[in-house]
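Student: with the input below, show me the fold.
(one chain, ligands or ions: 1)
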Amino acid sequence: MAAAIITGSARGIGAAIALRLAKDGYDIALNDISEAMFESNDIVEKITAQGVKCEKFIADVSKYSDCEAMVKAVKDTFGSIDVLVNNAGITRDGLMARMAEEQYDLVISVNQKSVFNMMKLVGNVMMRQRSGRIVNLSSVAGVYGNPGQINYSASKAAIIGMTKTVAKELGSRGVTCNAVAPGFIKTPMTDKLTDEQKKAMIDLIAMKRYGEVEEIAGVVSFLASKDASYVTGQVIEISGGLMM
Ligand code: NAP
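Tutor: Got it, this is the predicted structure:
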């Protein structure tokens, strides 16, 4: 059986991707920064109900040593790593003029450095297997910029460059690497916005509604599937027509 690892998958978009890949038949390696993140939900039960194996791996993906131990444990548990989804991400918003250095560095380290850590380590496994699928979570903020998110936009724009680089470096080994760039999706991350901010976003969306986590998971499932075998180095926006 093939296996998939999804970072930051205790809740939100990551949990929806994990459940969708379980429905597609993958054994699932869940990851989050703390065990507590799994206590308030039933994601493990939902995944095992699909008839696949599921294990939790607690690791801070911004730390290379954590990732190294996790990737070894996942490989030992499942035998292979066929799909890597780099989903873990945080926001620490603020206008540039008022942003603290720590606020900038933290977001870069969790959102961007983590993607290097995981692609390097899992990429080595996939190169030896001569097959693999990597999908990275970017954002429309990384494509177009967003006021109040210089740290987040920088990290998500970097992910696009990293995705294209890895697509070029690993393509000849049968490994594809793509990114999705969600717009405004209903999750705990976007629940933090004020009603005024939410309304302002909806006004800009052609489909006049927020996206659902399952609508991100469906595109990730496609990129991990056989149907996407000749798709690499691409960034797919999933935003209901936020920008065109
Ligand atoms: P979310 O609900 O906050 O889920 C992210 C998960 O990642 C949380 O469980 C979080 O745990 C975990 N995490 C944070 N830091 C971690 C670390 N160092 N190591 C391991 N796990 C960590 O976010 P989401 O809205 O589902 O977003 C998922 C991804 O999609 C992110 O990369 C985000 O930038 C991207 N995205 C989201 C939207 C949107 O509208 N929601 C739009 C564009 C892009 P904690 O709660 O403990 O931090």
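Student: ranges for the strands of the protein?
Tutor: For the chain, the strands defined by DSSP state E occupy 3-6, 27-32, 54-58, 83-86, 132-137, 175-182, 235-238.
Student: same list (those) but as TSV, adding mean pLDDT, distance to residue 218 and mean neighbour count.
Tutor: For glycine as for every other residue, the C-beta is placed from the backbone atoms N, C-alpha and C. Supplementary listing: those in TSV, determined by pLDDT from 0 to 100; distance: least, CB to CB, whole Å; neighbours: other CB atoms under 10 Å:
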stretch	mean pLDDT	distance to residue 218	mean neighbour count
strand 3-6	98	14	28
strand 27-32	98	17	25
strand 54-58	98	20	18
strand 83-86	99	13	28
strand 132-137	98	12	25
strand 175-182	98	10	25
strand 235-238	98	9	18
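Student: distance to the ligand added to those, as a markdown table?
Tutor: Conversion of those to a markdown table gives the following (distance: least, CB to the nearest ligand atom, whole Å):
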| stretch | distance to the ligand |
| --- | --- |
| strand 3-6 | 10 |
| strand 27-32 | 5 |
| strand 54-58 | 8 |
| strand 83-86 | 8 |
| strand 132-137 | 4 |
| strand 175-182 | 4 |
| strand 235-238 | 9 |
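Student: how about those, which one is nearest residue 153?
Tutor: strand 175-182 (11.4 Å; CB to CB).
Student: distance of the residue sitting nearest the centre point of the chain from residue 80?
Tutor: Geometric centre of the chain, nearest residue: residue 87, 1.8 Å, by CA atoms, centre = their mean. Distance, residue 87 to residue 80, using CB to CB, to the nearest Å: 20 Å.
Student: cool, and residue 35?
Tutor: The value you get for residue 35 to residue 80, if CB to CB is used, is 26 Å.
Student: likewise for residue 95?
Tutor: Applying CB to CB, the value for residue 95 to residue 80 is 45 Å.
Student: which of the two has more residues huddled nearby?
Tutor: Shown here are residue 95 and residue 80; by other CB atoms under 10 Å, residue 80 has more neighbours (16 against 10).
Student: ok, that one - contacts?
Tutor: The contact partners of residue 80, by CB atoms under 8 Å, 6 or more residues apart in numbering, come to 2-3, 125, 129.
Student: now do it, the pLDDT please.
Tutor: Residue 80 is assigned 98 on the pLDDT scale.
Student: please begin residue numbering at 30 from this point
Tutor: Noted, 30 is the first residue going forward, which turns the last one into residue 109.
Student: phi and psi next, for it.
Tutor: phi -150, psi 160 (degrees, to the nearest 10).
Student: from residue 37, how far off is it?
Tutor: In terms of CB to CB, residue 109 sits 22 Å off from residue 37.
Student: most neighbours among the contacts of residue 109, which one is it?
Tutor: Among the contacts of residue 109, residue 32 has more neighbours than the rest - 21 neighbours, counting by other CB under 10 Å.
Student: what bridges to that one?
Tutor: Residue 32 has these beta-bridge partners by DSSP bridges: residue 56.
Student: quick one: contacts for it?
Tutor: Residue 32 touches 55-58, 103, 107-112, counting by CB under 8 Å, 6+ apart.
Student: if we use 7 Å, what do you get?
Tutor: Residue 32 makes contact with 55-56, 58, 107, 109-111, according to CB atoms under 7 Å, 6 or more residues apart in numbering.
Student: centre of the chain to the edge, which residue is at the far end?
Tutor: Outermost residue of the chain (CA atoms, centre = their mean): residue 126, 28.8 Å.
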